[in-house]
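Colleague: Prediction below, plus the sequence it came from.
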Amino acid sequence: MRTARYNGSLTTRHLQGGIISDGDLGITGWFMHKKTCKWYDVCPLKSFYEQGRLDKKWIEDYCMRDYLKCLRYKMEEERLSHADNMMPDGTIDRKLKERLS
């Protein structure tokens, strides 16, 4: 996926179905919205990462980039319970369940 390059400010009126027209702003390619997941500060994955128990790739790929594909995010939005050691792709990491001494 390519990130968009633009000159000027970008507003939501420029977005149309996930693609930005290159008319007004000189944008080329897909627009990649970089925003941290709203649940990140209370997510157990943040704690696991800070403890050095979780690879940075999970945080970068899901929490800081494409949290809409995160199963944890989807379940939280639906108010469905899920295990603390459930990964964004839905797998369960049993090593994360163990407490650090």
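Modeller: Great, that's in hand.
Colleague: Report the spatially nearest residue to L45, omitting neighbours in sequence.
Modeller: Leaving out its chain neighbours, the residue that sits closest to L45 by Cβ to Cβ, 6 or more residues apart in numbering is L54, at 6.0 Å. To be clear about C-beta, it is placed using only N, CA and C from the backbone, and glycine gets the same treatment.
Colleague: ok so the one you found is a helix residue?
Modeller: No: L54: not assigned to a helix; according to DSSP: H, G, I helix; E, B strand; the rest coil it is coil.
Colleague: what about it, distance to N85?
Modeller: As judged by Cβ to Cβ, to the nearest Å, L54 and N85 stand 10 Å apart.
Colleague: what's the overlap in contacts for those two?
Modeller: Common neighbours of L54 and N85, counting by Cβ atoms under 8 Å, 6 or more residues apart in numbering, are L96.
Colleague: Residue ranges in the protein under the pLDDT threshold?
Modeller: Counting by pLDDT under 70, the chain shows low-confidence ranges at 1-34, 99-101.
Colleague: 80 instead, please
Modeller: 1-34, 98-101 (pLDDT under 80).
Colleague: Could you list the domains of it?
Modeller: 1-33, 40-97 (automatic domain parsing).
Colleague: Having no further points to raise, I will conclude here.
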